[in-house]
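> A predicted structure for the sequence below; I have some questions about it.
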Amino acid sequence: MFAGFSDPTVLNNALLGAAGLASLHGTSGYFFFQPPIDEVTASGFWAMVSGPVAGREVVGQGWRVHRASGGPVSGPVVGGNLRAFGALAGTRWMPDVSGAIMLIEEMTATFEHVDTALTHLRLTGAFDGIAALMVGEPADWPAKDAPDSDVDELVLRCVGGDFPVVTNVPCGHRPDRILPIGCQIELDLTRSALRYLEDLVTPA
């Protein structure tokens, strides 16, 4: 089992793109498992890596949903840290994003950096055909002289398309949210809920 986030997003997605192997974006042994241990993080990690989790639902807290229409959307999870994931675009290590629910998160950046990274992904076709985009928090990026009034406006302008976009998702550089890269999930955007449709591991 590989678990990582931030820069190791490269490995999460390369494992999926090159070998079709699912992995865990989020909790690792070094981060969040040093004392004091966060109980929500620990229980979520062990549930995910011991299975089964299919059918389990997580209600979103503070999600901001844009361009949602119709029923729930589903697909395999791809993505992670914006700069690390963007480095794979155009390479043979980039996973198939068609029909995927893409996660992007970036803790230390400015609007300019995020604008550049998102625009690069759009121009490489990384957003073509995705089912939805989730933007993790914290996303307290300094705006400086950007033309956008807030994070949501920045993201919607840069990614284009007409797929649903959910911002302020508690996932990324924080202890209490993990996602299985390469496994199917469902987003019920009318209720701000995430449901796991597939187990990351199959118990022996």
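Cool, the structure landed. Residues are numbered from 1 along each chain as shown.
> since we're on residue 134, how many residues are nearby?
Per other Cβ atoms under 10 Å, the neighbour tally for residue 134 reads 25. Where C-beta positions appear, they are placed from N, C-alpha and C, glycine not excepted.
> again with the one 4 residues further on
Burial of residue 138 is recorded as 14 neighbouring residues (other Cβ under 10 Å).
> just residue 5 next, same as before
Residue 5: 27 neighbours (other Cβ under 10 Å).
> what stretches of the chain score poorly on pLDDT?
Within the chain, the segments meeting pLDDT under 70 span 28-32, 174-177, 204.
> again, only this time at 90
Low-confidence segments of the chain, defined by pLDDT under 90: 1-8, 25-51, 58-62, 68-71, 107-111, 136-149, 169-179, 202-204.
> send the alpha carbons of the strand ranked longest in it over as CSV?
Longest strand of the chain, by residue count under DSSP state E: strand 73-81. These are the backbone C-alpha positions of strand 73-81, laid out as CSV (Å, rounded to 0.1, in the frame of the first residue of the first chain):
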residue,chain,number,x,y,z
VAL,A,73,-21.7,12.3,-10.6
SER,A,74,-19.2,9.5,-10.2
GLY,A,75,-15.8,8.4,-11.5
PRO,A,76,-12.3,7.4,-10.3
VAL,A,77,-10.3,9.8,-8.3
VAL,A,78,-7.2,11.4,-9.9
GLY,A,79,-5.0,14.3,-8.9
GLY,A,80,-3.8,15.7,-5.6
ASN,A,81,-1.3,18.5,-5.2
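> what ranges do the helices span in the chain?
9-19, 39-50, 82-86, 111-123, 151-159 (DSSP state H).
> Quick one, which of those helices gets closest to residue 194.
Closest of the helices of the chain to residue 194 is helix 39-50, at 12.3 Å (criterion: Cβ to Cβ).
> Go through the closest one and flag the buried ones.
Going by neighbour count (16 or more other Cβ atoms under 10 Å), the buried part of helix 39-50 is 41, 44, 45, 48, 49.
> check contacts around the most centrally placed residue in the chain.
Note on the chain: the residue nearest the mean C-alpha position is residue 103, at 2.2 Å, using Cα atoms, centre = their mean. Counting by Cβ atoms under 8 Å, 6 or more residues apart in numbering, residue 103 touches 25, 77, 78, 79, 80, 133, 134, 136, 169, 171, 172, 179.
> So the fifth one versus residue 94, what's the distance?
Computed with Cβ to Cβ, to the nearest Å, the distance linking residue 80 and residue 94 is 13 Å.
> anything in contact with each of those two?
residue 13.
> between those two, who's got more neighbours?
Taking neighbours as other Cβ under 10 Å, residue 80 and residue 94 compare with residue 80 leading, 31 against 21.
> Please report how far the more buried one lies from residue 39.
Distance of residue 80 to residue 39, given as Cβ to Cβ: 24 Å.
> Would you mind measuring from the residue nearest to residue 131 when sequence neighbours are not counted to residue 26?
Nearest in space to residue 131, with sequence neighbours left out and distances taken as Cβ to Cβ, 6 or more residues apart in numbering, is residue 75 at 4.0 Å. Distance check for residue 75 against residue 26: by Cβ to Cβ, it reads 18 Å.
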